[in-house]
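Chemist: heads up, no residue letters with this:
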């Protein structure tokens, strides 16, 4: 067991650095990273709360839902969230941006936290990549949430 305390955001920085992603630190308790994926550019926010000993993790998309599409977007969220085991999606009320969120309680030991954060980031990006097309369809096409989700449920092999 490790004998020293390491700021959990330092552990986050180690994970992000190992993935060679661009990041910045606003202060000792926050880190923001940005990655280009198959569908879009994701922004990853990590924030440490010393009071509750937890890391809040958010991944935002590069799209925004106007008020006119909010009902369809929230219906889509409900269907997606029913399928998730870890984390959840929401849409920020301030600007209509879809986001994946999860909170991690800090375990004892930096190595355990490193592995937990590494897994969490991988799961979050997987879920964002899986459901991004459904968000995009709802935003830009005249489609119902259930129809948009059908595209996400198809497992593809290879690339065209």
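Modeler: Sure thing, it's come through. All figures in this text were calculated on a predicted structure; none of them were measured in a lab.

Chemist: can you list the weak-confidence ranges in this structure?
Modeler: In the prediction, the chain carries residues with pLDDT under 70 at positions 1-5, 107, 154-160.

Chemist: and the longest helix for this protein?
Modeler: Longest helix of the chain, by residue count under DSSP state H: helix 110-140.

Chemist: just checking, what packs against that one?
Modeler: Contact analysis of helix 110-140 by 3 or more Cβ pairs under 8 Å, 6 or more residues apart in numbering; DSSP states H and E lists helix 8-18, strand 41-49, strand 54-60, helix 70-83, strand 98-105, helix 145-152 as its packing neighbours. All C-beta atoms are positioned from the backbone trio N, CA, C, and that covers glycine.

Chemist: mind running it again at 10 Å?
Modeler: Contact analysis of helix 110-140 by 3 or more Cβ pairs under 10 Å, 6 or more residues apart in numbering; DSSP states H and E lists helix 8-18, strand 30-36, strand 41-49, strand 54-60, helix 70-83, strand 88-91, strand 98-105, helix 145-152 as its packing neighbours.

Chemist: save those as TSV, and put in distance to residue 118 and mean neighbour count too.
Modeler: What follows is the helices and strands packed on helix 110-140, written out as TSV (distance: least, Cβ to Cβ, whole Å; neighbours: other Cβ atoms under 10 Å):
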stretch	distance to residue 118	mean neighbour count
helix 8-18	5	19
strand 30-36	13	17
strand 41-49	13	19
strand 54-60	12	20
helix 70-83	23	15
strand 88-91	20	17
strand 98-105	11	18
helix 145-152	24	16
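
Chemist: how about the ones you listed, which one is nearest residue 117?
Modeler: helix 8-18 (4.9 Å; Cβ to Cβ).

Chemist: separation between residue 120 and residue 16?
Modeler: Separation of residue 120 from residue 16 (Cβ to Cβ, to the nearest Å) stands at 12 Å.

Chemist: make CSV from the helices and strands packed on helix 110-140 and add distance to residue 135 to it.
Modeler: As requested, the helices and strands packed on helix 110-140 are arranged in CSV below (distance: least, Cβ to Cβ, whole Å):
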stretch, distance to residue 135
helix 8-18, 24
strand 30-36, 17
strand 41-49, 12
strand 54-60, 11
helix 70-83, 7
strand 88-91, 9
strand 98-105, 5
helix 145-152, 8
